[in-house]
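In: dropping the sequence and predicted coords here.
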Amino acid sequence: MAMVRHGLNRPTFPLILSAMNYRSVRRMCVLPIAIFTSTLGISATATAQHSEHAMHGIAVDTLATAPIIPTRFARDSALVADSLLKLCHPQIKRSIDVYSTCIGDGIASLSSAGNIALAMGTLDFVIHADPSLVLLGHPLAHALGYAVRSTPATATKLLTECDDRYQSGCYHGILQRYFDARTGMPLAQSFLVAPCDGLRGTAEQFRLFDCLHGTGHGLMMYHRYDVTASLVDCDRLASDWDQHSCYSGVFMEYNMGVRMQSFGDGEFGMHRHSMPSASTVLFKPDDLHYPCDATPDRYRIECYLLQADLILPAVQQDYAKAAHVCDGAGTPQLVRACYLGLGRNASGASAFQYAGILKRCEKSSAMGLPYCYAGAVRHLAYAPSELPRGIGFCNTLPQGNPRAQCWDAIGLQIAGFFAEPEARRNACQTQDYSDRAACFLGAGVSPATPAGANH
C-alpha cells in the first residue's frame, strides 16, 4: 500500500460512520434476551456486557476466550434474524433505544459463543428487513465484537470471522474487549502485536488496516482515554504504516469519548465501554481545533482526519460553519485532512445518499470542496464490494477538479484493496479517459506499467 500524494495514505483515513445519531443508541437496557437465546440453544450467560461492566472481573477476562470453532452456521442468519425481530420489534413502542438494545443483545449473545459469522449475517438480515436501523449498523457491529473474549492465541482467528460490513465495527469491538481486559496489567509487546501480526501476508491482508485501527481503539480502553499514552504505544508497532493506522483508531476513540462526555451521545451505548472520567478534559468548546492544535506534528494529520466528528456537533451540524473551522486548520495539508473528514461525515449523515452528500459538501470553500467529495467517496467505497457505490457518486459530478479528486480517491481505495498493479488497473477501468487517469494516479499505477512492476 503505497504512500500517496498530500501525505494522506489510505490507511491513515478511518472511514467509519461517525456522523450517525449516537443518541439513538444510548442507555443500553437489560431486556429479556434469555428468551431469545434459549430459542437458539445459546446460554443466557453469553449475553453481552452492559454499561455496568465497569472493569470488574477483568483479570479473569484476560484468560478467557470465545470458542474459535463456530457451533452454528452463517446460513442460519435469516432464520435467526426473523426470530430476533419478532422478539425485539414490539420494543420500538417504548423507544428506538430499547429496540436497538434488544437487537444488540441478541447478536452479541451469538458472537460471544463464537458464532461471529452468524451474528454478522443476522445483523445484515435485520438491517435489510428494517432499514430504520441502517445508521445503527456500525454500533451494532461494535456490540457483537465487544461481546467476544479473546487472547493472543485466539484473537486473529476470531477477527477473521468478522468482515468489513458496517464500517468494520466487528473488528473494533473485538479489539476493544481484547485490550480492555488487560487494563492494570503490563502490556507486553507480544500481547500488543499478536492480533494483527496473524493477518500479515495472507489472504486477510485487506483486514490489516482495520485491525491496526482497532488496536488504537483498544489502547484507548487500556489507557482510559489517555491519548498520549495510547499514541506512545502505537509507536511501539513495527512500521510507520502500522503506527499511523493505529493513530487513526486512537483519535476516533478519543472523539467518541468527547461525544459521550460533552454531547451526551451514546453513553456506554452500543460500544459498551467505559466513559471517560469526569475529571478528564477532552473537549474545549472555545477551541474547535483541539486536540489537534495541541498534538505533536507526527500525529496531527490523523487527528484532523477525525476532527469534523467534534466540529459538527459543536456547530449544530452546520456544514458551512464546520467548513469555516476546517479552513482555519493551518497548513494546506491539514485543511485537506479536515475536509476529508467532513466529507466522511457528510456521507454518514446522508445514509450514503448522493443528494445529501452534495447538499452538505457544497457548503465547503472552493479549496475544500474537492476534498469533501473525496472524503465522501472513500466512505462510500470503503470495501471492494462497495466500489460501484463510490464510482456512481463520482459519475454524478461534472468534469473538473472535484470530479478528478473524486476519481483519485477511488484509486486510493483500490490501492488499499489490491497489491498487484494489474489488479489496480483493472479496478480503475472506466470509459472516460480523464476519470481513468485520475484513478490510476490515486492507485499508484500508470497504463504503461508492466504487470507486476514496482512503482
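Out: Sure thing, it's come through. Numbering: from 1, shown residues only.
In: how is the protein partitioned into domains?
Out: 1-281, 284-379, 381-455 (automatic domain parsing).
In: now the ones you listed in CSV, with mean neighbour count and mean pLDDT?
Out: To be clear about C-beta, it is placed using only N, CA and C from the backbone, and glycine gets the same treatment. Formatted as CSV, those follow (neighbours: other C-beta atoms under 10 Å; pLDDT from 0 to 100):
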stretch, mean neighbour count, mean pLDDT
domain 1-281, 21, 78
domain 284-379, 21, 96
domain 381-455, 18, 87
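In: correct me, but residue 386 touches residue 379?
Out: No: taking contacts as C-beta atoms under 8 Å, residue 386 lies outside contact range of residue 379: 9.2 Å.
In: isn't residue 287 right next to residue 310, touching?
Out: No: using C-beta under 8 Å, residue 287 is not in contact with residue 310, being 10.4 Å away.
In: mind listing the helices for the stretch 51-200 of the chain?
Out: Per DSSP state H, counting those that start in this stretch, the stretch 51-200 of the chain carries helices over the ranges 58-61, 77-88, 96-112, 116-129, 137-146, 155-159, 169-180, 189-197.
In: using CSV, write out the CA atom coordinates for stretch 360-379.
Out: What follows is stretch 360-379, C-alpha atoms only, in CSV (Å, rounded to 0.1, in the frame of the first residue of the first chain):
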residue,chain,number,x,y,z
ARG,A,360,-23.6,19.1,2.7
CYS,A,361,-20.3,19.3,0.8
GLU,A,362,-21.5,22.3,-1.3
LYS,A,363,-21.2,24.4,1.9
SER,A,364,-17.4,24.0,1.6
SER,A,365,-14.9,26.6,0.5
ALA,A,366,-13.6,26.4,-3.1
MET,A,367,-10.4,24.8,-1.8
GLY,A,368,-12.2,22.4,0.4
LEU,A,369,-15.0,21.2,-1.9
PRO,A,370,-12.9,18.6,-3.9
TYR,A,371,-11.7,17.0,-0.6
CYS,A,372,-15.1,16.9,0.9
TYR,A,373,-16.2,14.9,-2.1
ALA,A,374,-13.1,12.7,-1.8
GLY,A,375,-13.8,12.0,1.8
ALA,A,376,-17.4,11.1,1.0
VAL,A,377,-16.4,8.7,-1.8
ARG,A,378,-13.8,7.0,0.3
HIS,A,379,-16.6,6.3,2.8
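In: how far is that stretch from where the chain is centred?
Out: Averaging C-alpha positions (C-alpha atoms, centre = their mean, to the nearest Å) puts stretch 360-379 20 Å from its chain's average.
In: likewise stretch 294-310?
Out: 16 Å.
In: now the end-to-end length of it.
Out: Using C-alpha to C-alpha, to the nearest Å, one end of stretch 294-310 lies 15 Å from the other.
In: ok, now which ones touch residue 172?
Out: Residue 172 sits next to 16, 142, 145, 210, 213, 214, 217, 249 when contact means C-beta atoms under 8 Å, 6 or more residues apart in numbering.
In: sticking with the closest residue to it other than its chain neighbours, tell me its helix or strand.
Out: Distances taken as C-beta to C-beta, 6 or more residues apart in numbering place residue 214 nearest to residue 172, at 4.4 Å, with adjacent residues excluded. Assessed by DSSP states H and E, residue 214 sits inside helix 207-222.
In: ok, residues contacting the helix or strand just after that helix?
Out: Once the chain leaves helix 207-222, the next helix or strand it forms, by DSSP H and E, is helix 227-234. Residues from elsewhere that reach helix 227-234 (C-beta under 8 Å, 6+ apart): 187, 192, 215-216, 219-220, 222-223, 243, 246-247, 250-251, 253-254, 291, 299.
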